[in-house]
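Q: Quick one, structure for this:
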Amino acid sequence: MDIYRNRFRYVPEYRVFGYLAVLISAISAFIMVLGYHYIYKFFDEVIVKDNLENASVYAIKIVIYLTFSSYIIPNLWVSLTQASF
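A: Now for the predicted structure:
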């Protein structure tokens, strides 16, 4: 956090955006890890258990979580920062 303190001395009015960036990045990383966890469960269902019914549920969750963490959250951040200027 020392890097943020040094940067906020120069532009203190953008302090909120710095903390929001850290928070949104942490949420995005957690959702992406959740998507990769479901990839593991998908392969477990398909290869080990040979159950395609549950695998389709995991496939849908994988697409939702990885898409959300890769596209929607960064676009949300860009729209928030563009609206403030």
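Q: pLDDT averaged over stretch 64-79 - what is it?
A: Stretch 64-79 shows a mean pLDDT of 80.
Q: mind listing what's buried in it?
A: 65-66, 68-69, 73, 77 (16 or more other Cβ atoms under 10 Å). For glycine as for every other residue, the C-beta is placed from the backbone atoms N, C-alpha and C.
Q: In terms of distance to residue 9, which of those residues ranks first?
A: Residue 9 has its nearest neighbour among the buried residues of stretch 64-79 in residue 77, at 23.1 Å by Cβ to Cβ.
Q: before we move on, back to that, restricted to helices, list the buried residues of stretch 64-79.
A: Among the buried residues of stretch 64-79, the ones falling in helices (DSSP state H) are 65-66, 73, 77.
Q: For residue 22, report the pLDDT, please.
A: So residue 22 comes in at 78 (pLDDT).
Q: ok so, going back, turn the buried residues of stretch 64-79 into JSON lines, columns for distance to residue 57.
A: Formatted as JSON lines, those follow (distance: Cβ to Cβ, whole Å):
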{"residue": "65", "distance to residue 57": "13"}
{"residue": "66", "distance to residue 57": "15"}
{"residue": "68", "distance to residue 57": "17"}
{"residue": "69", "distance to residue 57": "19"}
{"residue": "73", "distance to residue 57": "23"}
{"residue": "77", "distance to residue 57": "30"}
